[in-house]
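This is the structure alone, sequence omitted:
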């Protein structure tokens, strides 16, 4: 795939449709899924003194669910997704802090 075509494909992938999902309606309530989408593109081409030529590149897209907009008779609310990885990471840091504090307390006492 040439670099221009790769850029075109990447651009087509990074759309608002990747951020906001199709609305879901049920019992008078509409849910609109929301995600964070990030991407990057890189490419290049070149030639050598021996007239060798080449090109290459790549792109990446990362999508992460953020939550859902809930639209009902009482208005619009945003309900975030609970990120278990972040909760576990915070718990691990807290546990390490407690262990360090206990170890320092034993040394000083």
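Done, it's in. Since the structure is predicted, the reported quantities are computational estimates derived from the model, not experimental observations.

distance of residue 34 from residue 77?
Distance of residue 34 to residue 77, given as Cβ to Cβ, to the nearest Å: 12 Å. (Each C-beta comes from the backbone N, C-alpha and C, glycine too.)

Pull up the overlap in contacts between the two.
Common contact partners of residue 34 and residue 77 (Cβ atoms under 8 Å, 6 or more residues apart in numbering): residue 69.

More neighbours: the two, which one.
Just comparing residue 34 and residue 77: by other Cβ atoms under 10 Å the higher neighbour count belongs to residue 34, 17 against 11.

next helix or strand past the lowest-mean-pLDDT helix or strand in the chain?
Within the chain, confidence by mean pLDDT, DSSP states H and E is lowest for helix 16-19 among all helices and strands, at a mean of 70. Reading on from helix 16-19 to the C-terminus, the next helix or strand found by DSSP states H and E is strand 24-26.

so what does that following strand touch, helix or strand wise?
strand 29-47 (3 or more Cβ pairs under 8 Å, 6 or more residues apart in numbering; DSSP states H and E).

Now do the strand it packs on: which elements does it pack against?
Taking 3+ Cβ pairs under 8 Å, 6+ apart as the contact cut, strand 29-47 packs with helix 3-13, helix 16-19, strand 24-26, strand 53-72.

Tell me which residues are up against the least confident helix or strand of the chain.
34, 35, 36, 37, 61, 63.

Have a look at the protein and report its longest helix.
Across the chain, the longest stretch assigned as helix under DSSP state H is helix 84-108.

Just give me the neighbour total for residue 28.
By other Cβ under 10 Å, the residues close to residue 28 number 8.

again, but for residue 59
By other Cβ under 10 Å, 16 other residues sit near residue 59.

And for residue 10?
Neighbours of residue 10 (other Cβ under 10 Å): 19.

does it really touch residue 38, like I thought?
No. Using Cβ atoms under 8 Å as the test, residue 10 is too far from residue 38 to be in contact (11.8 Å).

Any regions of this structure where pLDDT drops low?
Residue ranges of the chain with pLDDT under 70: 1-3, 14-16, 83-87, 107-109.

at 80 instead, please
Counting by pLDDT under 80, the chain has low-confidence residues at 1-20, 41-43, 59, 82-93, 101-109.
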